[in-house]
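K.L.:
sequence first, then the predicted structure:
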Amino acid sequence: MVTFLLAVRAYPPYRFPPCEIWQPMKKTGSVDMSGFYESRDQHDKRDYRVFCILDREATKNGLPNPALVIIAGADKPDRTKLDDREYLRVKALAADYRANPRKAVRPTGFPSWLEPKA
């Protein structure tokens, strides 16, 4: 899934085409998830999800381009629904991210293969 998210990040912002494992979200149950993106994978009858946002304001916080921000992950048994409380948790984490901008700092030993392509 990390390799796939790196491919999404390599595209110009908001241009990666929706596919089976990358979808813009909409209303899910009673929770409106518009503005979020979801990456999906499945292994051993479990569904794994990563919830992301695209941060257009990332340049104000030290990044050279808009950023793909991984907000949270979740998993569930295959063919079941995630509880609405999980979606509300993801929305709360995103609200905290937006309300408390962090300066981007490159960690020591950052692998060069994770660098965005110019």
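P.N.:
Received it, and whenever you're ready, just let me know what you need.
K.L.:
name the nearest residue to Arg56, ignoring sequence neighbours.
P.N.:
Nearest residue to Arg56 in three dimensions, chain neighbours excluded: Pro66, at 5.0 Å (CB to CB, 6 or more residues apart in numbering). Every residue, glycine included, has its C-beta placed from N, CA and C.
K.L.:
now do the phi/psi pair for the one you found.
P.N.:
When read as degrees, to the nearest 10, the backbone of Pro66 gives phi -50, psi 150.
K.L.:
got a list of what it touches?
P.N.:
Pro13, Leu54, Asp55, Arg56, Glu57, Ala58, Thr59 (CB atoms under 8 Å, 6 or more residues apart in numbering).
K.L.:
least confident of these?
P.N.:
Least confident entry in the contacts of Pro66, by pLDDT: Pro13, with 55.
K.L.:
the chain: helices as residue ranges?
P.N.:
For the chain, applying DSSP state H gives helices covering 2-10, 84-99.
K.L.:
in a markdown table, list these along with distance to Ala72.
P.N.:
Below are the helices of the chain laid out as a markdown table (distance: least, CB to CB, whole Å):
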| stretch | distance to Ala72 |
| --- | --- |
| helix 2-10 | 13 |
| helix 84-99 | 5 |
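K.L.:
quick one on the thing from earlier: the contacts of Pro66: which two are farthest apart?
P.N.:
Largest separation among the contacts of Pro66 by CB to CB: Leu54 and Thr59, giving 12.7 Å.
K.L.:
quick one on the thing from earlier: between the contacts of Pro66, which is nearest Phe4?
P.N.:
Leu54 (15.3 Å).
K.L.:
circling back to that earlier point, output the contacts of Pro66 as TSV; include the columns neighbour count and distance to Ile71.
P.N.:
Output for the contacts of Pro66, formatted as TSV (neighbours: other CB atoms under 10 Å; distance: CB to CB, whole Å):
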residue	neighbour count	distance to Ile71
Pro13	14	17
Leu54	18	11
Asp55	20	10
Arg56	12	15
Glu57	11	15
Ala58	18	14
Thr59	13	19
